[in-house]
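[1] Next input, structure requested:
(2 chains)
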Amino acid sequence: GAVVSQHPSWVICKSGTSVKIECRSLDFQATTMFWYRQFPKQSLMLMATSNEGSKATYEQGVEKDKFLINHASLTLSTLTVTSAHPEDSSFYICSASPAWTSGSEQFFGPGTRLTVL
Amino acid sequence: QKEVEQDPGPLSVPEGAIVSLNCTYSNSAFQYFMWYRQYSRKGPELLMYTYSSGNKEDGRFTAQVDKSSKYISLFIRDSQPSDSATYLCAMSVQAGTALIFGKGTTLSVSS
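    Numbering: from 1, shown residues only, chains lettered A, B, ... in the order given. Sure thing, here's the model as predicted:
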């Protein structure tokens, strides 16, 4: 299967600071990546679709000015949580589909656990 | 009604048992169906992928899709303690689009 990495795997920050999370496709190129958020004992909820070379598409209720997404290359998408607050504490996971699956199979990164104090 | 319904469990079985996990959905446009396994504090791992209706087998795992009933299943044969995890069903309308997930079923296999 394809490999997707995320960095950092966990981060603790103070309220009001910004945190950047990287998502990389290691062995394939991804024109589209997806960012999900998962609260404890809850399922994954889509936050936004990240498109290489263009603006991200955000789901209803997700603040685009708070969750900045940059898909700078075919192997890297970043999610920046700006002015983080305790309610932003969550598990953030990205996914991508290799072209050889015709987009039908999505592979997930290991996730980033964000704790805002 | 949520788009994808999945019984959260927990489901506890003895080692060697056959496990049946299920999801129902409401959107008849879903065509791509996946099962993921997620261990605590880890990202989901793709187990099975099925397009449209039918069965697919991979080792101890069998995925079934019944589009007429809007019902999908994952069977695990000869379950092992290492199968203890949360199993998430996911589906999408088109290839390359975001997935809609069920809540996940927590499975515990005791030795």
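[2] Excluding covalently adjacent residues, which one is nearest to residue B:14?
    Nearest non-adjacent residue to residue B:14, counting by C-beta to C-beta, 6 or more residues apart in numbering or on different chains: residue B:110, 5.7 Å away. The way it works is simple: take the backbone N, C-alpha and C, and place the C-beta from them, glycine included.
[3] What is the burial count for the one you found?
    11 (other C-beta atoms under 10 Å in any protein chain shown).
[4] Would you mind confirming that it is in contact with residue B:79?
    No - if you go by C-beta atoms under 8 Å, residue B:110 and residue B:79 don't touch, sitting 9.7 Å apart.
[5] so where do the strands sit in the chain?
    No chain was given, so I picked chain A. A:4-7, A:10-13, A:19-25, A:32-38, A:44-51, A:57-58, A:67-73, A:76-81, A:90-96, A:107-108, A:112-116 (DSSP state E).
[6] wrong one, chain B
    Under DSSP E, chain B gives strands at B:4-6, B:11-14, B:19-25, B:32-38, B:45-51, B:54-58, B:61-66, B:71-76, B:85-92, B:100-101, B:105-110.
[7] Contacts for the shortest one next, please.
    Contact partners of strand B:100-101, identified using C-beta atoms under 8 Å, 6 or more residues apart in numbering or on different chains, comprise A:43-46, B:3-4, B:25, B:27, B:30, B:88-92.
[8] Got phi/psi on the residue in chain A positioned nearest to chain B?
    Nearest residue of chain A to chain B (C-beta to the nearest C-beta) works out as residue A:103 at 2.7 Å. Main-chain dihedrals, residue A:103, degrees, to the nearest 10: phi 80, psi 0.
[9] Of the contacts of strand B:100-101, which is the nearest to residue B:43?
    residue A:44 (9.6 Å; C-beta to C-beta).
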